[in-house]
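Novice: got a sequence here, can you model it:
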Amino acid sequence: MGKTTPIFGISRWGRGTTDTASGSGSPLARHAFEESVLLFPCHRLTEDQIVIQIDDAIDFNTEDIAHGHLCGEISRSAARTVIIDVQTPLVTATAVSVLLRTRQFAHSRGAVLCVVARRSLARRVFRTTGVCRYLRVAATLPGAVRLTRGCRPLSEPPTRQGDGALA
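Specialist: A predicted model of the protein is given here:
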């Protein structure tokens, strides 16, 4: 395995911080917590394979930043196989959305994307939502490597037409 190198940070909400003006307990403005950084470590398995680790939940506050940095790393690496190692048991709907959008970006670059869901709860989320039909999901890193060996990108997920029917 290659050396683990952090590739980017995402601003996160600090613990116990609330909006004192409203007293509602809602988080303060995002820019107030720029110093709180979440790193997504990245390393190369081979010249053509990269692994990006996600150690914390992705929520609506970090969605755009996470997607932008994942896509940026895919572009910079020029890898044909991208493995996203989800090490957190909490896979939110937002995280699923980010992974699907990132898969679409990787597909447009001719890369194959696979997700490692080490925790059974995380794998259950992928199965229950049905995204395992569009994301290659494995329980281990070696399993993900085997799953992507010789693969082409999967077909596109269905999209909704104007009347709401799947195309």
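Novice: could you use CA atoms for every contact and neighbour count after this?
Specialist: Noted.
Novice: how about the strands of this protein, start to end?
Specialist: Applying DSSP state E to the chain gives strands spanning 5-11, 37-46, 49-54, 81-86, 112-117, 136-138.
Novice: of all those strands, which one is nearest Ala66?
Specialist: Taking Cα to Cα, strand 5-11 is the member of these nearest to Ala66, at 6.8 Å.
Novice: go through the strands of the chain and find the least confident stretch.
Specialist: Lowest mean pLDDT within the strands of the chain: strand 5-11, a mean of 40.
Novice: tabulate the strands of the chain in CSV, adding columns for mean neighbour count and distance to Val96.
Specialist: Output for the strands of the chain, formatted as CSV (neighbours: other Cα atoms under 10 Å; distance: least, Cα to Cα, whole Å):
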stretch, mean neighbour count, distance to Val96
strand 5-11, 17, 17
strand 37-46, 17, 16
strand 49-54, 22, 12
strand 81-86, 26, 11
strand 112-117, 27, 11
strand 136-138, 22, 12
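Novice: save those strands as a markdown table, and put in distance to Ala144 too.
Specialist: Shown next, in a markdown table, are the strands of the chain (distance: least, Cα to Cα, whole Å):
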| stretch | distance to Ala144 |
| --- | --- |
| strand 5-11 | 20 |
| strand 37-46 | 12 |
| strand 49-54 | 10 |
| strand 81-86 | 7 |
| strand 112-117 | 6 |
| strand 136-138 | 5 |
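Novice: of all the ones you listed, which lies closest to His67?
Specialist: strand 5-11 (10.4 Å).
Novice: still on that earlier bit, how about the strands of the chain, which one is nearest Ile74?
Specialist: strand 81-86 (7.3 Å).
Novice: neighbouring strands - and their directions - for the closest one?
Specialist: strand 49-54 (parallel), strand 112-117 (parallel) (DSSP bridges).
Novice: what does that strand rub up against?
Specialist: With contact meaning Cα atoms under 8 Å, 6 or more residues apart in numbering, strand 81-86 is reached by 48-55, 74, 106, 111-118, 141, 144-145, 148.
Novice: output that strand as PDB, nothing but the C-alphas.
Specialist: Extracted C-alpha coordinates of strand 81-86, given in PDB (Å, rounded to 0.1, in the frame of the first residue of the first chain):
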ATOM      1  CA  THR A  81     -10.200   2.800 -10.500                       C
ATOM      2  CA  VAL A  82     -11.400   4.900  -7.500                       C
ATOM      3  CA  ILE A  83     -12.200   3.200  -4.300                       C
ATOM      4  CA  ILE A  84     -14.100   5.200  -1.600                       C
ATOM      5  CA  ASP A  85     -13.500   3.600   1.800                       C
ATOM      6  CA  VAL A  86     -16.500   4.500   4.000                       C
END
